[in-house]
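Peer 1: I'd like to go over a predicted model; first the sequence, then the structure.
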Amino acid sequence: MKKRLLLFIALLSITTALGAGPTYYERGDRLISLKGGAVIPLFSYFFSDKDLHTGIGKDNTGLLIGGHTDLNYQVFITSHLALGAEVGYGFNRTWDGLLLQAAPFSATLTYLPLQGQWELPLSLGIGGIYTTLGSTRVVSPFISVEAALIYYPGAVWGVGLSTALHLTAELNTSDELKGDNALLGVLPLTLIITRRW
């Protein structure tokens, strides 16, 4: 418990120190970002039998590495916080060749403790995801926690790397489908291109 508390205090101190630096943004400034890259299946957890599968492939999550892209638009509400919206598309093949397609949509809150030529955006997204697998179509809740590192060689355009944890839950209410209720976690690793104004 002491180690966790010390780690939390250290992370809070570092974040506060980063946020104490000069600010680049003012209220009303905007960002638009396009991301693309790979998505790695991390885990699936079935609630009915408490069955956790981790990793790639047949005896794990059942998914292979796929692709992911999304578009994000944000408006600053303070010099360090931005509100926005994000829409995306991702795909994975299952080990038996089915195509899993996912289209997440979410509202985002982004905190930028480090701003200027180098930026460190930390985002939380909450929304939904439209998923298809074979003939099955489902809309489920969606949560995303993201961190990126972006370099701006000039005043407007930036490029960087982003990673996130995407969580989605399939929550069926009918008795015959309750055994399919599960939580899926994937890890997008993407290149990000950003424009600010």
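Peer 2: Okay, I see it.
Peer 1: so Leu149 is in which element?
Peer 2: strand 136-151 (DSSP states H and E).
Peer 1: Can you list the helices and strands that that strand packs against?
Peer 2: Other helices and strands packing on strand 136-151, by 3 or more C-beta pairs under 8 Å, 6 or more residues apart in numbering; DSSP states H and E, are strand 99-111, strand 118-119, strand 122-133, strand 157-170, strand 182-196. Heads up, the C-betas are built off the backbone N, CA and C, glycines and all.
Peer 1: among those strands, which is nearest Lys35?
Peer 2: Lys35 sits nearest to strand 182-196 of all those, at 4.1 Å, using C-beta to C-beta.
Peer 1: Averaged pLDDT, that closest one. What do you get?
Peer 2: Strand 182-196 comes out with an average pLDDT of 95.
Peer 1: can you pull the buried residues of it?
Peer 2: Neighbour-count burial for strand 182-196, counted by 16 or more other C-beta atoms under 10 Å, picks out Ala182, Leu183, Leu184, Gly185, Val186, Leu187, Pro188, Thr190, Ile192, Thr194, Arg196.
Peer 1: Can you find the helix or strand of the protein with the lowest average pLDDT?
Peer 2: Every helix and strand in the chain was compared by mean pLDDT, DSSP states H and E; the lowest is helix 2-19, with a mean of 65.
Peer 1: In this structure Glu86 contacts Ala103, no?
Peer 2: No: applying C-beta atoms under 8 Å as the test, Glu86 and Ala103 come out as separate, 11.2 Å apart.
Peer 1: Of those two, which one has the most company?
Peer 2: Using other C-beta atoms under 10 Å as the criterion, Glu86 and Ala103 rank with Glu86 on top: 22 against 17.
Peer 1: so where's the chain shaky on pLDDT?
Peer 2: Scanning the chain for pLDDT under 70 picks out 1, 8, 10-22.
Peer 1: Can you name the residues that contact the residue lying closest to Asp49 once chain neighbours are set aside?
Peer 2: For Asp49, ignoring the flanking residues on the chain, the nearest one in space by C-beta to C-beta, 6 or more residues apart in numbering is Gly179 at 7.9 Å. Contacts for Gly179 (C-beta atoms under 8 Å, 6 or more residues apart in numbering) come out as Phe46, Ser48, Asp49.
Peer 1: Surely Gly179 is within a helix?
Peer 2: Yes: counting by DSSP: H, G, I helix; E, B strand; the rest coil, Gly179 is part of a helix.
Peer 1: So what sits opposite Gly67 in the bridge?
Peer 2: Gly67 forms beta bridges with Ala38, Phe91, as assigned by DSSP bridges.
Peer 1: typo on my end, Phe46
Peer 2: Counting by DSSP bridges, the residues bridging with Phe46 are Asp51, Ala182.
Peer 1: Look at the closest residue to Val138 other than its chain neighbours and say how many residues are nearby.
Peer 2: Spatial nearest neighbour of Val138, excluding adjacent residues (C-beta to C-beta, 6+ apart): Thr131 at 5.0 Å. Using other C-beta under 10 Å, Thr131 is surrounded by 20 other residues.
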